[in-house]
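Colleague: the sequence isn't on hand, but the structure is:
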Ligand SMILES: Nc1ncnc2c1ncn2[C@@H]1O[C@H](COP(=O)(O)OP(=O)(O)OP(=O)(O)O)[C@@H](O)[C@H]1O
Ligand SMILES: [Mg+2]
């Protein structure tokens with residue numbers, strides 16, 4: 001089994017990346033997938049909070065050589081595990097050869113154990129985010145219809161397109177008032193990226209403004225919040241099934257599983 005690597009980023013902060021990652025992970029797990037979330041949001045690592053878990057080790061400790069990667073893995077829920085990034089995420093860009101090889105070896109040890117690696121990134125256009133985005137099979141830029149979110153998403157895509165080849169780039173509208181409004185938001189950003197950057201964005205659906213998504217943050221049982229009769233369930237399933245059948249995973253990069261992701265650290 002090749003692990004499929006999906007990264008979630010945004011130009012502007014607070015648009016709903018982590019909430020979406022948690023809900024997508026829950027949905028994938030419900031469909032029987034094994035999911036590993038990598039919390040690469042250095043400043044505000046918070047994925048564990050949705051599952052009321054605490055963190056004792058992170059990738060920083062792996063880089064320091066204190067613990068193995070396996071020792072940092074926290075089981076969040078049935079079928080969902082977490083690797084906390086810690087300050088190690090910031091250091092990846094400056095790692096010496098030994099540090100890089102220790103991470104590559106550590107991640108290689110978990111190759112094949114997960115169907116999906118979901119990478120939650122910090123907001124904005126840091127080198128770190130650009131490196132991560134260029135290293136995942138599928139890039140998801142999350143945004144809302146707020147003006148700042150639209151223009152920051154455009155800036156992120158612009159910088160990304162100047163520095164890296166950007167295939168498999170999805171724009172996922174969040175907190176929209178209807179599926180029609182979501183498609184319209186996608187269309188408007190896709191229009192400008194196509195016109196000015198010659199870059200078409202992919203559409204895999206959108207996510208409505210719905211307090212059900214947020215309840216993962218304060219519920220003791222996040223697995224039980226989104227039931228199959230809800231609109232949220234239908235939206236998430238639609239996005240998950242688009243991801244499931246995405247051609248990126250059948251490409252040469254996709255067939256290389258985690259080693260493609262790890263190349264991002266070394267190049
Ligand atoms: N679809 C949605 N409907 C309603 N509220 C939402 C939705 N998605 C996210 N939110 C709310 O928006 C807020 C920010 O979400 P979240 O922390 O997931 O954003 P983020 O992009 O990860 O932020 P950061 O950039 O700080 O990491 C949270 O209070 C969350 O509950
Ligand atoms: Mg977040």
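Modeller: Alright, I've got the coordinates. Keep in mind that what you see is a predicted model, and the values were worked out from it rather than measured. Numbers count the residues shown, from 1 in each chain. Ligands and ions are numbered 1, 2, ... in the order given.

Colleague: look up phi and psi at residue 229.
Modeller: When read as degrees, to the nearest 10, the backbone of residue 229 gives phi -90, psi -10.

Colleague: again, but for residue 2
Modeller: Dihedral angles phi and psi of residue 2 (degrees, to the nearest 10) take the values phi -90, psi 130.

Colleague: again, but for the one 4 residues further on
Modeller: Geometry field for residue 6 lists phi and psi as phi -120, psi 130, criterion degrees, to the nearest 10.

Colleague: for the one 5 residues further on, same thing?
Modeller: In this entry, residue 11 is assigned phi and psi values of phi -70, psi -60 (degrees, to the nearest 10).

Colleague: quick one: residue 86 from residue 175, how far?
Modeller: As judged by C-beta to C-beta, to the nearest Å, residue 86 and residue 175 stand 29 Å apart. To be clear about C-beta, it is placed using only N, CA and C from the backbone, and glycine gets the same treatment.

Colleague: for residue 239, same thing?
Modeller: 14 Å.

Colleague: what's the closest non-adjacent residue to residue 264?
Modeller: Excluding its sequence neighbours, the residue lying closest to residue 264 (C-beta to C-beta, 6 or more residues apart in numbering) is residue 135, at 2.4 Å.

Colleague: count of neighbours near the one you found?
Modeller: As a burial measure, residue 135 scores 21 neighbours (other C-beta atoms under 10 Å).

Colleague: need the contact list for it.
Modeller: 5, 7, 260, 261, 262, 263, 264, 265 (C-beta atoms under 8 Å, 6 or more residues apart in numbering).

Colleague: contacts only, for the residue in the chain that ligand 2 sits nearest to.
Modeller: Proximity of the chain to ligand 2 (C-beta to the ion) peaks at residue 18, 3.3 Å away. Residue 18 makes contact with 41, 46, 47, 50, 120, according to C-beta under 8 Å, 6+ apart.

Colleague: what's the lowest-pLDDT member of the contacts of residue 135?
Modeller: Taking pLDDT as the measure, the contacts of residue 135 have their low point at residue 265 (69).

Colleague: can you map out the strands along the chain?
Modeller: 4-9, 35-40, 74-77, 80-84, 116-121, 138-143, 169-173 (DSSP state E).

Colleague: apart from its chain neighbours, what residue comes closest to residue 111?
Modeller: residue 258 (4.7 Å).

Colleague: pLDDT value on that neighbour, please?
Modeller: pLDDT recorded at residue 258 is 84.

Colleague: in this structure residue 220 contacts residue 53, no?
Modeller: No: with contacts counted by C-beta atoms under 8 Å, residue 220 stays clear of residue 53, the gap being 11.8 Å.

Colleague: give me the more crowded residue out of those two.
Modeller: Counted by other C-beta under 10 Å, residue 220 and residue 53 do not tie: residue 53 has more neighbours, with 14 against 7.

Colleague: and the pLDDT at the residue of the chain closest to ligand 2?
Modeller: For residue 18, pLDDT reads 97.

Colleague: then residue 77?
Modeller: Value for residue 77, per-residue pLDDT: 97.

Colleague: which residues does it contact?
Modeller: Neighbours of residue 77 in contact, by C-beta under 8 Å, 6+ apart: 26, 29, 51, 222, 223.
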